[in-house]
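Q: A predicted structure for the sequence below; I have some questions about it.
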Amino acid sequence: MSYQIPRGCQDIFGDRSYQWQALENILRHICELYNYDEIRTPIFEHTNVFKRENDSSDMVNKEMYTFTLPNSKTSLTIRPEGTAGVVRSFVENKMYANPDLPVKMYYMGPMARHERPQKGRLRIFNQFGVEALGEKSPYVDVETIALAYTILSTVGLKDIKVCINTLGDDASRAAYRSALKAYFKPHYDELCSDCKRRYEQNPLRILDCKVDHDQPFMQQAPSMKDYLNKESKAYFQTVLDLLDTLEIPYEIDDKLVRGLDYYTHTVFEIVSMNKEMGAQSTVLAGGRYDGLISYFGGPKEMSGIGWALGEERLLIALEAENGPLAQKPGLDAYVMCLDESARTYAFEILTQLRAYGYRCEMDMQGRSFKSQFKAVDRMKAKTAILIGETEKAANQVAVKNLETRKQESIDREDLINYLDSLMED
Ligand code: ATP
Ligand code: MG
């Protein structure tokens, strides 16, 4: 019997874990500058948190890991995305009563979607996302987009495109839906089976279909911009003007509708232009949602905006552009134990070094001098601390600087000072 990780999942360990930590440290840090707090919600929720009535998205209809335990009637779903859980928590914890709106939160962690695995598309993948809840203003939209743009620039992703669109308010969208229905009606038989369902539930989503994307009739489909009312148009124009002010480059993509049904007004995606990304080139995506807070029982008319980035995809894109984001750092010191009788003495020194903030390691296998030296090389140690019977007897250690290859005997009580000055150089 052999055990294997489920399809579409991956383990992150060793050298790669450093890339993840470097990425997440930058993400956290920039979110702090923008005054976002972290929120952690459960990785499963009641199914109705994600499965909202009449939602036509693939994610909700086909991709969710939903389960009921044998002795329970409660249907639970492993989160496929972060926004719904955050909004549920915002309402449940009455965060909307906060006098300082919007409430701004970021989250990170695994999401589960039953998709066909391929490069950049997993069944368990990690998202980092933000939500700004409770205040509807173009400034909030642009602050959110600026945060996304700053993050991607800071991690070093340069070859990107910001695509933006508006879905307008309810009234504009209703007008657009009717127009789309009228337009697609004569092509109904040519639509894929998913789009036939979308035609009934939410014809906007047909524009996002990967199967029907190249059908000739898609090109002439009506454009959202011709159905926006005055308020929606003005809102979007302010968003664009503010993006110009901040010198954030963007492209208006009037076919951009996003994969979920709850979006209103501003929607956006940031796409990596690197050829290696293939079809999985969208690194970050989000938008405003007017109806979600009230869906969860929060105040009517309260709106939110957010985005999420796929951490795996971002790391693939970064690697394609610049190589790995970070690597495992070398050790400050490797403690080489040369005699079994000095092992405890060496172990004490190792512990002392760590207490003073040095990253170090010691041979635990009782290996030969030569093979310990190979370990020193593999672990890219700056120094080797050699300890044998003689050093123990004299209460000393021998420190070999691996850059200069110089070796010196140091009294134990001077070791930390000695290393401090050595590392400063
Ligand atoms: P796609 O069109 O690629 O299926 P989506 O619209 O379903 O994306 P969102 O729900 O907006 O994606 O999720 C935000 C981001 O999360 C995506 O832009 C992507 O970077 C990442 N993401 C989504 N699904 C997956 C997945 N199955 N595997 C890896 N990353 C994913
Ligand atoms: Mg998807």
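A: Everything's here; your move. Ligands and ions are numbered 1, 2, ... in the order given.

Q: Going by C-alpha atoms from here, please, whenever you check contacts or count neighbours.
A: Fine.

Q: Could you identify the helix or strand that succeeds the strand or helix carrying residue 286?
A: Taking DSSP states H and E as the definition, residue 286 sits inside strand 282-289. Using DSSP H and E, the helix or strand that follows strand 282-289 towards the C-terminus is helix 292-295.

Q: any idea how far that following helix is from the chain center?
A: 24 Å (CA atoms, centre = their mean, to the nearest Å).

Q: Then stretch 116-136?
A: Distance, centroid of stretch 116-136 to centroid of chain: 6 Å (CA atoms, centre = their mean).

Q: Break the protein into its domains for me.
A: 15-169+229-322, 333-424 (automatic domain parsing).

Q: Of all the ones you listed, which one is nearest ligand 1?
A: Distance to ligand 1, taken as CA to the nearest ligand atom, is lowest for domain 15-169+229-322 among those, at 3.4 Å.

Q: Can you classify residue 393 by secondary structure?
A: helix (DSSP: H, G, I helix; E, B strand; the rest coil).

Q: Just the pLDDT for it.
A: In this model, residue 393 is scored at 97, pLDDT.

Q: The one 3 residues further on now?
A: The per-residue pLDDT reported for residue 396 equals 98.

Q: Any idea how many residues pack against the nearest residue to it once chain neighbours are set aside?
A: Among residues not flanking residue 396 along the chain, residue 411 sits closest, at 4.3 Å (CA to CA, 6 or more residues apart in numbering). Neighbourhood size, residue 411 [other CA atoms under 10 Å]: 15.

Q: Distance of residue 206 relative to residue 264?
A: Residue 206 sits 17 Å away from residue 264, going by CA to CA, to the nearest Å.

Q: how about the domains of the chain in JSON lines, adding distance to ligand 1?
A: Shown next, in JSON lines, are the domains of the chain (distance: least, CA to the nearest ligand atom, whole Å):
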{"stretch": "domain 15-169+229-322", "distance to ligand 1": "3"}
{"stretch": "domain 333-424", "distance to ligand 1": "32"}
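
Q: so where's this protein shaky on pLDDT?
A: 259-260 (pLDDT under 70).

Q: Name the nearest residue to the residue nearest the centre of the chain, sequence neighbours excluded.
A: In the chain, the centroid-proximal residue (CA atoms, centre = their mean) is residue 128; its distance is 2.9 Å. Distances taken as CA to CA, 6+ apart place residue 108 nearest to residue 128, at 4.2 Å, with adjacent residues excluded.

Q: in the stretch 51-200 of the chain, which spans are strands?
A: Residue ranges of the strands in the stretch 51-200 of the chain, as given by DSSP state E, counting those that start in this stretch, are 66-67, 76-78, 103-112, 124-133, 160-166.

Q: could I get these as JSON lines with distance to residue 396?
A: Formatted as JSON lines, the strands of the stretch 51-200 of the chain follow (distance: least, CA to CA, whole Å):
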{"stretch": "strand 66-67", "distance to residue 396": "62"}
{"stretch": "strand 76-78", "distance to residue 396": "57"}
{"stretch": "strand 103-112", "distance to residue 396": "47"}
{"stretch": "strand 124-133", "distance to residue 396": "49"}
{"stretch": "strand 160-166", "distance to residue 396": "56"}
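
Q: picking that back up, can I assume the residue nearest to the centre of the chain is in contact with residue 313?
A: No. Applying CA atoms under 8 Å, one finds residue 128 not in contact with residue 313, separated by 11.3 Å.

Q: Okay, buried residues for stretch 174-185 please.
A: 176-177, 179-181, 183-184 (16 or more other CA atoms under 10 Å).

Q: okay, it in CSV with CA atoms only?
A: C-alpha atoms of stretch 174-185 as CSV (Å, rounded to 0.1, in the frame of the first residue of the first chain):
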residue,chain,number,x,y,z
ALA,A,174,-31.0,44.5,-15.3
ALA,A,175,-31.1,46.5,-18.5
TYR,A,176,-27.9,44.8,-19.7
ARG,A,177,-29.3,41.3,-18.9
SER,A,178,-32.4,41.9,-21.0
ALA,A,179,-30.2,43.1,-23.8
LEU,A,180,-27.9,40.1,-23.6
LYS,A,181,-30.9,37.7,-23.5
ALA,A,182,-32.4,39.3,-26.6
TYR,A,183,-29.0,39.1,-28.3
PHE,A,184,-28.2,35.4,-27.4
LYS,A,185,-31.7,34.2,-28.0
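
Q: any residues touching it, and which ones?
A: 199, 202-204, 221-224, 227 (CA atoms under 8 Å, 6 or more residues apart in numbering).
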